[in-house]
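**Student:** I'll drop the sequence and a predicted model, then ask my questions.
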Amino acid sequence: MTENTAANTATLTHQTFGEDPNVGVGLMADDARTAARTLAKATRARKDAALLHVAERIEAQAGLIIEANQKDLRRGEQDGTSSALLDRLKLDKDRIKGLADALRELAALPDPVGTVVRGQTLANGLRMRQIRVPLGVVGAIYEARPNVTVDIAGIALKSGNAVLLRGGSAALESNKALVGIIRDAVSDQKLPVDVVQSVDDYGRDGANALMAARGKVDVLIPRGGHGLIQSVVQNAQVPVIETGEGNVHVFVDASAPERMAVDVVVNAKTHRNSTCNTAETLILHKDAAAGPAVLAALAKAGVALHVDERAAAMLPNGADHTKATDEDWGTEYLDAQIAVKVVDNLREAIEHIERWTTRHTEAIVTNNLANAEEFIASIDAAAVMVNASTRFTDGGQLGLGAEIGISTQKMHARGPMGLEELTTTKWIVQGDGHIRK
């Protein structure tokens, strides 16, 4: 495949569908529906072969992808894009290998399509079963995350869905290269190329058209910052699975071992601080012996500390800090910053979390089993960690292969969304001429 091939197959252009984005995206959705019907009947072996071929082509075209990504990065730097967004945007050989490996992991996972959720033979002889089936046509709106392009395409392919992608202007060149490679690889495997399409040619109007495509798009998934997610949630006319911001807390209990507390908190904050599963608030029990060591380790790692009065007293001499405000308690920094609060007991920690949580991931570090169980029972979040970094709220880390996002809602899907979360169910009832009396 040549570079021109990748660019030409990446998107369906205005010349194909005309200038009206609603008409164009509607026709693309129709093509996606047709492709989804074929894909829904494909065998696991055929879908897995396609995933493996996509992985192979992505690695083989790493140079093309990085070249396209460098254009996006240079434009982002010129436009004053934040360091956190630039980090999300960046693709290098290691990250591209990670994308390919995630596709291979997906290929190794069981196919959810056709799985029997439950079934029985009724007293009247009717045989019934509930099976998993693809959702159909899935729309995704995201920003500065070219890895999401590959993750969503891979999960959709394995779960039998077609996808319409709006990857945003920040990653325009990266996504164009990736979508082109994916479409060509799918075509090589004799599957419908329109199982993966991009509406990026239509810009923001493409996103608006996706949100308005009721009856053509089965579900829409936003992934990004607060503004993007809320815009989709509030304006979409199609069903939305809300993926959430991560105002993530770690509570260090009085019983927390110092080494464990330091390791968990520092990893949760610094492993990659531009992600939604990064810790943004540290809560320390007033009697936590590990508190000063945790704060010292964060300061040494270059994390800016926004602390309340009691936390300030635990800081090592000379540690830079600012006074925490309510704005800090509610901020998803996505940067090397953290808010720190000291509490009198577990109940106060839970109350603080309940007030400020975005219901993404919350964590406790403790050696007290009763406190761990109370925390688990009381915290209303998609994921609760006990003595583990919040960075594990991730589809790949939890054995799902890749993920389409982390849902913070309570309908249908919650937490990391993998293959099963892109399926719904269908009832199959078989009889022998049964009629209802």
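**Tutor:** On my side now, so go ahead.
**Student:** Now do the contacts for L126.
**Tutor:** By C-beta atoms under 8 Å, 6 or more residues apart in numbering, the residues touching L126 are V429, Q430, G431, H434. C-beta here means a position set from N, CA and C on the backbone, and glycine is covered the same way.
**Student:** what residues are up against the third one?
**Tutor:** By that I understand G431. Neighbours of G431 in contact, by C-beta under 8 Å, 6+ apart: G125, L126, R127.
**Student:** With the last one instead?
**Tutor:** H434 sits next to N124, G125, L126 when contact means C-beta under 8 Å, 6+ apart.
**Student:** which of those residues lies closest to A177?
**Tutor:** Among the contacts of H434, L126 lies closest to A177 (C-beta to C-beta), at 52.2 Å.
**Student:** Need the nearest residue in space to that closest one, chain neighbours excluded.
**Tutor:** G431 (5.0 Å; C-beta to C-beta, 6 or more residues apart in numbering).
**Student:** Look up phi and psi at that neighbour.
**Tutor:** Backbone geometry at G431, expressed as degrees, to the nearest 10, gives phi -130, psi -170.
**Student:** Use 2 as the first number for this chain going forward.
**Tutor:** Right, with 2 as the first residue, what we last looked at is G432.
**Student:** ok, it to A103 distance?
**Tutor:** 43 Å (C-beta to C-beta, to the nearest Å).
**Student:** what does E421 give?
**Tutor:** E421 is 17 Å from A103, by C-beta to C-beta.
**Student:** again, but for A269
**Tutor:** 22 Å.
**Student:** In the longest helix along the chain, which residues are buried?
**Tutor:** Longest helix of the chain, by residue count under DSSP state H: helix 22-41. Buried residues in helix 22-41, counted by 16 or more other C-beta atoms under 10 Å: 22, 25-30, 32-34, 36-37, 40-41.
**Student:** One more: stretch 45-57?
**Tutor:** R45, K48, D49, A50, A51, L52, L53, H54, V55, A56.
**Student:** can you list the weak-confidence ranges in the chain?
**Tutor:** For the chain, the stretches flagged by pLDDT under 70 are 2-19.
**Student:** Okay, helices next: where are they in the stretch 152-301 of the chain?
**Tutor:** All helices of the stretch 152-301 of the chain, identified by DSSP state H, counting those that start in this stretch, fall at 173-189, 204-213, 227-236, 259-271, 292-301.
**Student:** how much does the first one deviate in direction from helix 204-213?
**Tutor:** Looking back up the chat, that one is helix 173-189. On the basis of axes from the mean of the first three to the mean of the last three C-alpha atoms, to 10 degrees, helix 173-189 is oriented at 50 degrees to helix 204-213.
**Student:** Please compute how far helix 173-189 lies from its chain's middle.
**Tutor:** 20 Å (C-alpha atoms, centre = their mean, to the nearest Å).
**Student:** Next one: the nearest residue to L306 once chain neighbours are set aside from V304, what distance?
**Tutor:** In space, and not counting its chain neighbours, L306 is closest to H322: 4.3 Å by C-beta to C-beta, 6+ apart. Distance, H322 to V304, by C-beta to C-beta: 10 Å.
**Student:** now N268
**Tutor:** If you go by C-beta to C-beta, the gap between N268 and V304 works out to 12 Å.
**Student:** How about D329?
**Tutor:** From D329 to V304 the distance is 13 Å (C-beta to C-beta).
**Student:** Also I132?
**Tutor:** 49 Å.
**Student:** H272 contacts R392, correct?
**Tutor:** Yes. In terms of C-beta atoms under 8 Å, H272 counts as a neighbour of R392; the distance is 4.9 Å.
**Student:** In terms of packing, which of these two has more residues around it?
**Tutor:** R392 (23 against 14; other C-beta atoms under 10 Å).
**Student:** doesn't that one fall inside a helix?
**Tutor:** Yes. Counting by DSSP: H, G, I helix; E, B strand; the rest coil, R392 falls inside a helix.
**Student:** contacting residues around it?
**Tutor:** N268, A269, H272, R273, T276, N278, T279, Q398.
**Student:** tell me which of those is nearest to A210?
**Tutor:** T276 (29.2 Å).
**Student:** What values do phi and psi take at that closest one?
**Tutor:** phi -100, psi 160.
**Student:** Any idea how many residues pack against it?
**Tutor:** 18.
**Student:** if I look at it, how far off is A145?
**Tutor:** Distance from T276 to A145, by C-beta to C-beta: 12 Å.
**Student:** go on, D49?
**Tutor:** 30 Å.
**Student:** I am assuming S84 contacts L335, so please confirm or correct that.
**Tutor:** No. Using C-beta under 8 Å, S84 makes no contact with L335, being 9.3 Å away.
**Student:** which of the residues in stretch 226-241 are buried?
**Tutor:** Quick answer for stretch 226-241 (16+ other C-beta under 10 Å): G226, L229, I230, S232, V233, V234, A237, V239, V241.
**Student:** thinking again about what came up before, need the residues touching each of T276 and A145.
**Tutor:** Shared contacts of T276 and A145, counting by C-beta under 8 Å, 6+ apart, come down to R89.
**Student:** Thanks a lot, see you next time.
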